[in-house]
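Enquirer: Below are the sequence and a predicted model for it; my questions follow.
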Amino acid sequence: QKTPPVFTIGFSQCVESDAWRKTMLENMKRELAFHPNINFIYRQAEGDSRKQVSQVKELLQKKIDLLIISPNEADPLTPVVEEAFSKGIPVIVVDRKISSPLYTAYVGGDNYEIGKMAGQYAVNALKGKGKIIEVTGLPKSSPAIERHKGFSDAIKNYPGLQLIHMVNGEWLNQTAKSEFAKIASQYPDVQLVFAHNDMMAHGIYEVYKNSKQPQPAIIGVDGLPNAGMLFVSDKKITATMLYPTGGEEAIRIAVKILNKQHVVKENLLQTTVIDSTNVRIMQLQAAKTLSQQQQIERQQTMLAEQKRIYNNQRTFVYILVTS
Ligand code: FRU
């Protein structure tokens, strides 16, 4: 049997502290387990665009065969990605985008569509009439721009709906919570808050939990089983839009590129609304997927063990026949 060539993939992640990014990395590793011929070098930039630029430069010096990147902010990361691409290194952009077409493939959820679905949800929940506050992610990151655009487009034909304030929560629970707490009392009649992710949505929930003001409807994004789905089933938030991490898909696309197979440039992942009407079934589904994955992992461990025993026995037989 021919041994496959060895490749090195460098992965530059913008930040790793949250559950969604941890899930992305786990998803990548799960897929990588099928490709023992791939070395994986991982760097994360703690949400600092300048740090991420220098980490990408470091990865390029390590002679990687392919770069996967989730850029913290689009503009600051664009030149270094263009540099990699121009040197002939294939680049897969995940989740957040760069401001240039110079990359090999993009994979991630459709953030415009997510914003639009959240907007339609708001239209229905408020029956076309009411005041809304939006809590955004980092204003220069593409999902924040696209989620805002989709949301505005969905509500703009309803003159009874007013977007009365925007808060920059920087994608972070603490920032969203403290920034929102500063303004909450100025808007006692707000009926809905759209937060660009579930961590920030939870922050808004916490603000109201600690105040006497009635809690408005809260919409988040991500829908992780151990976060957004739980917040919905615990009735802390009203709804969340599922935002798949794209981790497995990114590795599958990388493998194809490394094997010189054709890949599609834009790979948009499916999304869906999760609220009280379907959260139970989504949780059951997620639990089932998890147990199937654990089973696959057990089988992989068993196979590795069998292979080890087989190799030992082969060495033993070899020693026997040659001595
Ligand atoms: C995690 C995160 C997610 C969000 C995504 C947008 O770091 O903030 O919650 O959906 O990044 O890029």
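Expert: Yep, that arrived. Numbers count the residues shown, from 1 in each chain.
Enquirer: Only C-alpha atoms from now on, for both contacts and neighbour counts.
Expert: OK.
Enquirer: Looking at this protein, which helix is longest?
Expert: Here the longest helix in the chain is taken by residue count, with DSSP state H as the criterion, and it is helix 279-322.
Enquirer: Quick one: distance of that helix to the chain centre.
Expert: On the basis of Cα atoms, centre = their mean, to the nearest Å, helix 279-322 is displaced by 28 Å from the centre of the chain it belongs to.
Enquirer: now for it, which elements pack on it?
Expert: helix 228-233 (3 or more Cα pairs under 8 Å, 6 or more residues apart in numbering; DSSP states H and E).
Enquirer: check contacts around residue 162.
Expert: Residues in contact with residue 162, defined by Cα atoms under 8 Å, 6 or more residues apart in numbering, are 129, 130, 131, 132.
Enquirer: please redo it, this time with the cut-off set to 7 Å
Expert: 130, 131, 132 (Cα atoms under 7 Å, 6 or more residues apart in numbering).
Enquirer: now, which of those residues sits nearest the ligand?
Expert: The shortest separation between the ligand and any of those is 20.2 Å, and it belongs to residue 132 (by Cα to the nearest ligand atom).
Enquirer: Wait, a strand at the closest one?
Expert: Yes - according to DSSP: H, G, I helix; E, B strand; the rest coil, the state of residue 132 is that of a strand.
Enquirer: Going by secondary structure, residue 114 is in what exactly?
Expert: Residue 114 belongs to helix 111-125 when assigned by DSSP states H and E.
Enquirer: If you count neighbours, what's buried in that helix?
Expert: Buried residues in helix 111-125, defined by neighbour count with 16 or more other Cα atoms under 10 Å: 111-123.
Enquirer: what's the answer for stretch 224-238, then?
Expert: Those buried within stretch 224-238 under the rule 16+ other Cα under 10 Å are 224, 225, 228, 229, 230, 231, 232, 233, 236, 237, 238.
Enquirer: is the ligand contacted by that stretch?
Expert: No - taking Cα under 6 Å from any ligand atom as the criterion, stretch 224-238 and the ligand are apart, separated by no less than 9.5 Å.
Enquirer: Straight-line length of that stretch, end to end?
Expert: The first and last residues of stretch 224-238 sit 15 Å apart, counting by Cα to Cα, to the nearest Å.
Enquirer: Identify the residues contacting that stretch?
Expert: Applying Cα under 7 Å, 6+ apart, the external contacts of stretch 224-238 come out as 198, 205, 217-219, 222-223, 239-240, 275-276, 279, 283, 286.
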